[in-house]
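Enquirer: Need coordinates for the below:
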Amino acid sequence: MGGLYMANRVVEKIKKGLRGELVIPGDKSVSHRSVMFSALGDTPVRITNFLPSADCLSTVGVMRSLGAKVEMLSPTELVVTGNGLHGLKEPETLLDAGNSGTTLRLMMGMLAPQDFVSVFTGDSSLHKRPMGRVIKPLSQMGAHIVGRAGNTKLPITVVPAGKKLQGFTYDMPVASAQVKSAILLAGLFAEGTTTVVEPYQSRNHTELMLESFGVKLDYEGTAISIQAQDKLTAPEEILVPGDISSAAFWLVAASVIPDSELLLKNVGINPTRTGILDVLNDMGADITLTNERSSGSEPVADILVRSASLHGTSFGADIMPRLVDEIPAITVAAMFAEGETVITGAGELRVKETDRIQAISDQFNKLCSCITATKDGLIIRGGSQNVWQQGTCFSYDDHRIAMTLAIAGMAGNGVEIEQPDCVAISYPSFYEEMAGLY
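Expert: Next comes the predicted model:
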């Protein structure tokens, strides 16, 4: 993706509060799954408020390669028609997941039971990311998956197993929605019962969408069980809620920039995703949920956020599955909060698009030297004694690092971001929205 980045972006310190309304773009996780699951049905599904980001378009490309018909009516509206649960076709070319770990991990679960060969590739960043934690449980079900670096990294080939996968019970060492989803998708085709047991509940978009496609799941504590299905019954329409991970940047910016008041519209408030709200509220943020409603199987609300005096906090592994993607944004809130914030249990951040713990420490300290990286988290010294500087910071081609640097620059003393356009991975209109708030 390096050819996309031709210029740095300068973000100036904002001289007044943020005011106005923002319609939050579609949830990335739900957008991925809406296309994948619709491609396993046999009737047309209209998907609205789809997120037309690079990651989600990678999923569209993969499903087309597997024989699904995807008609783009507009950038945010499409119709997907599949060939039934057992109607996926052998791809004629490599399946390119781009930068999308979600595409790769979930599709391995979907393709492991198939009777044809699939070969995955992706961009240079995805080639570095570990896939062993998905491949291991799928292999225990009987899948035959071959990859580089001891079957852990791209390129990855899924070879027909020669017999049906076998359902089993998998005790997950770490809560992960992507690993859980891959196993449940394989369980759609496996003999017997497939059960996933999590140490903590991770985001449950896969479970909610499976149920909306007529699949019965059994729950006991943090265990989820699925049986093989003959077919999926696709809904006529899926309305994708706004992505709370995208809303997180504005929640933090409006909280720390004085005299701010933003209304964020159509935000998904699935309880498995709202850790960001819990942490900010614990820090003293002024956040109000209004117009609460449902969008299909997902809860949605408008969120009013006003500037507030924040204080430090501590949190760890138990809440991490509900907010791991929002840690960069929370770091900025902690930098402006009075007192110290201690984050633990966030080791997964070291194997994201980049090592986000190290990236946060290396780059954000250029703007305000107050962050210490630990093995599995961060210690942030906040408060009015902090000295903010202008700086030139590197995004590592990581969309969440780039967007967080932008809000840090707005709230702090300005920033120049190298390789800023990676925001297209999840929030293509981010800089446009930001400019509209100045």
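Enquirer: where does the chain have low pLDDT?
Expert: For the chain, residues meeting the criterion pLDDT under 70 lie at 1-6.
Enquirer: Try it again at 90.
Expert: 1-7, 15, 295-297, 351-354, 384-385, 436-438 (pLDDT under 90).
Enquirer: Helices along that one, start to end?
Expert: When secondary structure is read from DSSP state H, the chain shows helices at 28-38, 54-65, 101-111, 124-128, 132-140, 148-151, 177-187, 205-212, 244-256, 275-282, 327-336, 356-367, 399-411, 430-435.
Enquirer: Turn those helices into CSV, columns for mean neighbour count and distance to A234.
Expert: Backbone N, C-alpha and C define where each C-beta goes, glycine included. Rendered in CSV, the data for those read as follows (neighbours: other Cβ atoms under 10 Å; distance: least, Cβ to Cβ, whole Å):
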stretch, mean neighbour count, distance to A234
helix 28-38, 28, 6
helix 54-65, 22, 13
helix 101-111, 25, 15
helix 124-128, 16, 29
helix 132-140, 19, 25
helix 148-151, 12, 33
helix 177-187, 26, 15
helix 205-212, 21, 9
helix 244-256, 27, 26
helix 275-282, 21, 31
helix 327-336, 27, 35
helix 356-367, 22, 36
helix 399-411, 28, 30
helix 430-435, 16, 32
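Enquirer: Pretty sure C368 sits against V387.
Expert: Yes - here C368 lies in contact with V387, judged by Cβ atoms under 8 Å, at a distance of 6.8 Å.
Enquirer: Count the neighbours of C422 for me.
Expert: For C422, the count of nearby residues is 24 (other Cβ atoms under 10 Å).
Enquirer: Might one say that it is in contact with A402?
Expert: Yes - when contacts are counted by Cβ under 8 Å, C422 is listed as touching A402 (5.4 Å).
Enquirer: thinking again about what came up before, give me the more crowded residue out of C368 and V387.
Expert: With other Cβ under 10 Å as the criterion, C368 and V387 differ in neighbour count, and C368 comes out ahead with 21 against 10.
Enquirer: From W388, how far off is the more buried one?
Expert: 5 Å (Cβ to Cβ, to the nearest Å).
Enquirer: what does V134 give?
Expert: For V134, the distance to W388 equals 41 Å [Cβ to Cβ].
Enquirer: And this protein, split by domain according to the record?
Expert: Structural domains annotated on the chain: 2-26+242-435, 28-238, as defined by automatic domain parsing.
Enquirer: The last one: end-to-end distance?
Expert: Using Cα to Cα, to the nearest Å, the end-to-end distance of domain 28-238 comes out at 14 Å.
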